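just the structure for this:
(4 chains)
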Protein chains: 4
Amino acid sequence: MKNQLIAEFIGTYFLYLIIGMCVTPPGSAAFTPIAVGVGLAALVYSCGHLSKAHFNPATTVAYFCAGTHPRSTFLPYIVVIFAGAIAAALTIGVLNPEGLAKVSAIEINTPRVIVAEFAFTFALMWVILNVAIAKGTKGNPFYGLAIGAIVAAGAYAVGNITFAAFNPAVTLSLCFNGFIPWSAFLLYAIVQVFAATVAGYLFRSMKITNPEELPTT
Amino acid sequence: MKNQLIAEFIGTYFLYLIIGMCVTPPGSAAFTPIAVGVGLAALVYSCGHLSKAHFNPATTVAYFCAGTHPRSTFLPYIVVIFAGAIAAALTIGVLNPEGLAKVSAIEINTPRVIVAEFAFTFALMWVILNVAIAKGTKGNPFYGLAIGAIVAAGAYAVGNITFAAFNPAVTLSLCFNGFIPWSAFLLYAIVQVFAATVAGYLFRSMKITNPEELPTT
Amino acid sequence: MKNQLIAEFIGTYFLYLIIGMCVTPPGSAAFTPIAVGVGLAALVYSCGHLSKAHFNPATTVAYFCAGTHPRSTFLPYIVVIFAGAIAAALTIGVLNPEGLAKVSAIEINTPRVIVAEFAFTFALMWVILNVAIAKGTKGNPFYGLAIGAIVAAGAYAVGNITFAAFNPAVTLSLCFNGFIPWSAFLLYAIVQVFAATVAGYLFRSMKITNPEELPTT
Amino acid sequence: MKNQLIAEFIGTYFLYLIIGMCVTPPGSAAFTPIAVGVGLAALVYSCGHLSKAHFNPATTVAYFCAGTHPRSTFLPYIVVIFAGAIAAALTIGVLNPEGLAKVSAIEINTPRVIVAEFAFTFALMWVILNVAIAKGTKGNPFYGLAIGAIVAAGAYAVGNITFAAFNPAVTLSLCFNGFIPWSAFLLYAIVQVFAATVAGYLFRSMKITNPEELPTT
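Next comes the predicted model:
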């Protein structure tokens, strides 16, 4: 389990470090979704063989609902993922404090946030489940690319409505660094977890899981 | 068949949701082809093993002409693909009504639309047929990437002439959301289906189909 | 041989159609190398299994010097590749005559054109030979991606010095459409063919060719 | 060993040629990380089978600490990598002397340079080690993509703090061409080598190395 948690910490740390540095002024502006998408792809490829590269509590929930994540490592994964994201948020305070001082939180339109975060968290989970644990894509080498790509596409699609978090740990760090108001954290997290639950159970009901992915415990 | 139709609905829904959100002001401007290309790649990788990831009635036609799509699911695929695209067009009305209110339809230059939509729908079908059902590329993992890439390239090449639809269901939703005039829908759809037919029969005549792809029914 | 020539014609036609449309005003500006890179990757994946996807007379020369291209199809390949590129140049005259009317040729700095076109045509040939016919990368699925990627990188690196042709057929069409002065065509073509010759013989001398690629004739 | 050194020279030469040309005015501005990322991916795919495609003394150090790089080729690799980068820096003097004349070095904030270069050199080494020599990703075709992608992401994340070198040979050439002050070279190199050492020993301690990668000498 130690290697799994090291991989989840490193992956989530760099995922949010890339996100946060790119969106903090002067930042990477319109290139941010590309930077995040390719960065996530690289991190998934470097950690997937160790921990399945969740980097996202919603992913842990989706795998759990799909029936492939063991109960015993559920909580450790969630804790380490949040820790990695917060460590990165703190690092941004060191690397670019002037930029953070200029950040103001986006305005929240509740129904739109619900629709957009539900839609693209569901899409992300649908992609993850189908490229990582489906029988029909077993052994494929494109999983990292597909996961990074759907995040980049979603960020271009709804980034200016929700900041394109699709991930409760990323949402927490975006609140911590001032991009999303703290008052909206629970809304985001509930919608994201709900989308992951729906995706996980839909996937399970389709009976397309690679049997080798089912945990023995 | 249920899993196939779920996959086609989800894939087409998100394909158009990405397209429509990116082109509706304030949108993603010049990054739209990249967002659509990578989003399509991810969706193809997540659905290809379930339904072959058409997301495009022209693709269904091309496979049918190439002799690999069974007659029995021809109509269900077409219906579900159109339904997915329209559902996404309606979602955009919820997520960004102010943006949609600012949209005005492109001007149609009929001969140029015919040449450009024919050329790149043909190119898209040529790529799809060769990466998805050819003997020489059997089992390749690059199919999603290749399909997303040709759409992105085509969108940069002729996007300001035709809006780069290359897909009757996407065209319908682009008309529905006001980007293409309704009066041009039939022109687009006929040209796209014609290009798919030409590509399908050319591919068939080259005798390069993977025999395992030929339907038993 | 018919299928090979169909594939070379289609591939080169769309390669230049994408290039030419993107660089003709209003065009895709700074996104052009991305559009060309991903478009080329898709075309290579769709044609590689049929014709090895040269789309470039320099590639034919490089394979010939490396000892893997049969003498019998050398000339037919060259002719069809030039024909495809010219057909695309003519298509651009239909799709965007107003844009072409605004084009003015780049200024040629002869020593810089020699260095830049030599360097990146060599780099392109080095990548092609190593991903397409080397023993050590036999059966790899990344060849299309690698080829598109080096062209995109080269175009960002030296595009404003040479227009980043790296290909005599593309150079001819760029002259035809007014981007490169006709007086420079021979300079470009000689440098490109020379770079391909150097790359081909260097590769051969390293004795790293996949023996299955050596022609029996 | 000759083929290994040829590959390292060619790869590093073009890696820095792309970097340097893109950042020298007028250059490729905000597209530079994309150009460098895709160019590096192509170069890794073209050289990986010959030399493992280090192109970076820090990579040699990381492999050495992980226990997979033989002592006998340690120094030759380092020398050839620096030579390739310097040859490219000289080429830029030929291709764009006017641009180089306009370059002024970035301002160094020492603690931030340490944090940012440590973080992303570590991330790069973590990705390289896990996609190139780990048991769990043995034989994967995505190594080039993953390596190019993490460099692009890191360049968007911290490019305006450190110029995103992550590589002592690239740092040297960036000093040579005037982008980084000479006085900062040692700082960069020490941080990069330290990050590579940490990554190498962490990787080794996780006992996830593919045993076939361990050198016999």
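
what residues does chain A put near chain D?
A:3, A:6, A:10, A:14, A:17-18, A:21-22, A:26, A:28-29, A:31-32, A:34-36, A:38-39, A:41-43, A:45-50, A:91, A:94-96, A:141-142, A:144-145, A:148 (C-beta under 8 Å from any C-beta of the partner chain). Any C-beta I mention is one placed from the backbone N, CA and C, and that applies to glycine too.

swap the cut-off to 7 Å and go again
For chain A, the residues found near chain D under the criterion C-beta under 7 Å from any C-beta of the partner chain are A:3, A:6, A:10, A:14, A:17-18, A:21-22, A:26, A:28, A:31, A:34-35, A:38-39, A:41-42, A:45-46, A:49-50, A:91, A:94-95, A:141, A:144-145.

now, of those, which are buried?
For those, a burial check counting by 16 or more other C-beta atoms under 10 Å in any protein chain shown picks out A:3, A:6, A:10, A:14, A:17-18, A:21-22, A:28, A:31, A:34-35, A:38-39, A:41-42, A:45-46, A:49-50, A:91, A:95, A:141, A:144-145.

of the residues you listed, which belong to strands?
Under the assignment DSSP state E, these contribute nothing to strands.

confirm that residue A:106 sits in a strand.
No. Per DSSP: H, G, I helix; E, B strand; the rest coil, residue A:106 lies outside any strand segment and is coil.

helices of chain A, start to end?
Per DSSP state H, chain A carries helices over the ranges A:2-23, A:32-51, A:57-66, A:74-95, A:97-101, A:110-132, A:143-162, A:168-176, A:185-205.

which single residue of chain A ends up nearest chain C?
Closest residue of chain A to chain C, C-beta to the nearest C-beta: residue A:141 (7.3 Å).

that residue contacts residue D:143, doesn't it?
No. At 9.8 Å, residue A:141 does not count as touching residue D:143 under the criterion of C-beta atoms under 7 Å.

wait, residue A:43 sits on residue A:12?
No. Proximity of residue A:43 to residue A:12 does not meet the contact threshold set by C-beta under 7 Å, at 8.5 Å.

pull up the overlap in contacts between these two.
Residues touching both residue A:43 and residue A:12 (C-beta atoms under 7 Å, 6 or more residues apart in numbering or on different chains): residue A:55.

which ones are touching the residue lying closest to residue A:99 once chain neighbours are set aside?
In space, and not counting its chain neighbours, residue A:99 is closest to residue A:24: 3.9 Å by C-beta to C-beta, 6 or more residues apart in numbering or on different chains. Counting by C-beta under 7 Å, 6+ apart, residue A:24 makes contact with A:92, A:96, A:99, A:100, A:103.

so which of those residues is the closest to chain D?
Of all the contacts of residue A:24, chain D sits closest to residue A:96, with 7.5 Å by C-beta to the nearest C-beta.

could I get the helices of chain A as CSV with mean pLDDT?
Compiled in CSV, the helices of chain A are given as follows (pLDDT from 0 to 100):
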stretch, mean pLDDT
helix A:2-23, 98
helix A:32-51, 98
helix A:57-66, 98
helix A:74-95, 98
helix A:97-101, 98
helix A:110-132, 98
helix A:143-162, 98
helix A:168-176, 98
helix A:185-205, 98
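
out of those, which gets nearest to residue D:79?
The closest of the helices of chain A to residue D:79 is helix A:32-51. By C-beta to C-beta, the value is 28.6 Å.

hmm, stretch A:126-146 touching chain B?
Yes. Interface with chain B: stretch A:126-146 contributes A:126, A:127, A:130, A:131, A:134, A:136, A:137, A:140, A:141, A:142, A:145, A:146 (C-beta under 7 Å from any C-beta).

dump stretch A:155-175 to PDB, keeping only the CA atoms.
Extracted in PDB, the C-alpha atoms of stretch A:155-175 (Å, rounded to 0.1, in the frame of the first residue of the first chain):
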ATOM      1  CA  ALA A 155     -12.100  22.800 -19.200                       C
ATOM      2  CA  TYR A 156     -12.500  24.600 -22.600                       C
ATOM      3  CA  ALA A 157     -16.300  23.800 -22.500                       C
ATOM      4  CA  VAL A 158     -17.300  24.900 -19.000                       C
ATOM      5  CA  GLY A 159     -14.200  26.500 -17.500                       C
ATOM      6  CA  ASN A 160     -15.700  29.900 -17.300                       C
ATOM      7  CA  ILE A 161     -18.900  28.600 -15.600                       C
ATOM      8  CA  THR A 162     -17.400  26.400 -12.900                       C
ATOM      9  CA  PHE A 163     -13.500  26.700 -13.100                       C
ATOM     10  CA  ALA A 164     -13.700  23.100 -14.400                       C
ATOM     11  CA  ALA A 165     -12.700  21.300 -11.200                       C
ATOM     12  CA  PHE A 166     -14.500  17.900 -11.700                       C
ATOM     13  CA  ASN A 167     -12.600  16.800  -8.600                       C
ATOM     14  CA  PRO A 168     -13.300  17.500  -4.900                       C
ATOM     15  CA  ALA A 169      -9.600  17.700  -4.000                       C
ATOM     16  CA  VAL A 170      -8.900  20.100  -6.800                       C
ATOM     17  CA  THR A 171     -12.000  22.100  -5.700                       C
ATOM     18  CA  LEU A 172     -10.700  22.300  -2.100                       C
ATOM     19  CA  SER A 173      -7.400  23.700  -3.300                       C
ATOM     20  CA  LEU A 174      -9.100  26.100  -5.700                       C
ATOM     21  CA  CYS A 175     -11.100  27.400  -2.700                       C
END
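
which one of the contacts of residue A:24 is nearest to chain B?
Nearest to chain B among the contacts of residue A:24: residue A:103, at 19.3 Å, using C-beta to the nearest C-beta.
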